[in-house]
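A.B. asks: fold the following, please.
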Amino acid sequence: MNRVVAGFMAAVVVVVLSGCASSLSGGVYSRDQARVAQDVEYGRVEAVRVVAIEGTKSNIGTGAGAIAGSVAGAGIGSGSTTRTVGALAGAIIGGMAGAAAEEGITRQDGLEITVRLDSGRTIAVVQAADVQFRPGDRVRVLYARDGTTRVTY
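C.D. replies: Numbers count the residues shown, from 1 in each chain. As a prediction, this is how the structure comes out:
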């Protein structure tokens, strides 16, 4: 029975963590950015470099892992002391595993795009690697009022 509960909790952890990932794509806008004017500049891509965008590090993964670990750890042994120690150890190990899982599940590939703007200024923008850019490409750079900057065609 405890294995069923632990398996169910692990599935819940994966579902919860996958819902935590916010998109860093140049083509995805937050609800607050919809219907809001953005400044636009044009330029040419000078360089593109593949980068890793780290995953989220909230307490959701830690908490979910600790719960699942404590349930699994409580199933160890037959005495109340052994179960308590098992639950504590399971919670600690599960919390660490949950935090690592959250960061790993939400980590993504990104691009650092260096753009020489028509104004003469050079900027670099990091965003998800869902659209490929090449040096020499003519692009638009959009600046939102909240500080978000994105490169698009």
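A.B. asks: from the chain's centroid, how far away is stretch 42-54?
C.D. replies: 19 Å (CA atoms, centre = their mean, to the nearest Å).
A.B. asks: quick one: buried residues of that stretch?
C.D. replies: G43, V45, V48 (16 or more other CB atoms under 10 Å). Where you see a C-beta, it was placed from the backbone N, CA and C, and this is true even at glycine.
A.B. asks: which one of those residues is nearest to S78?
C.D. replies: Checking the buried residues of stretch 42-54 against S78 by CB to CB gives V48 as the nearest, at 59.9 Å.
A.B. asks: ok, now how distant is the closest one from A99?
C.D. replies: 32 Å (CB to CB, to the nearest Å).
A.B. asks: now do the buried residues in stretch 78-94.
C.D. replies: Buried-residue list, stretch 78-94, by 16+ other CB under 10 Å: G86, A87, G90, A91, I93, G94.
A.B. asks: narrow those residues to those in strands?
C.D. replies: Per DSSP state E, strands hold no members of the buried residues of stretch 78-94.
A.B. asks: name every strand pairing with the lengthiest strand in the chain and say which way it goes.
C.D. replies: Counting by DSSP E, the longest strand found in the chain is strand 39-53. Strand 39-53 pairs in its sheet with strand 108-117 (antiparallel), strand 138-143 (antiparallel), by DSSP bridges.
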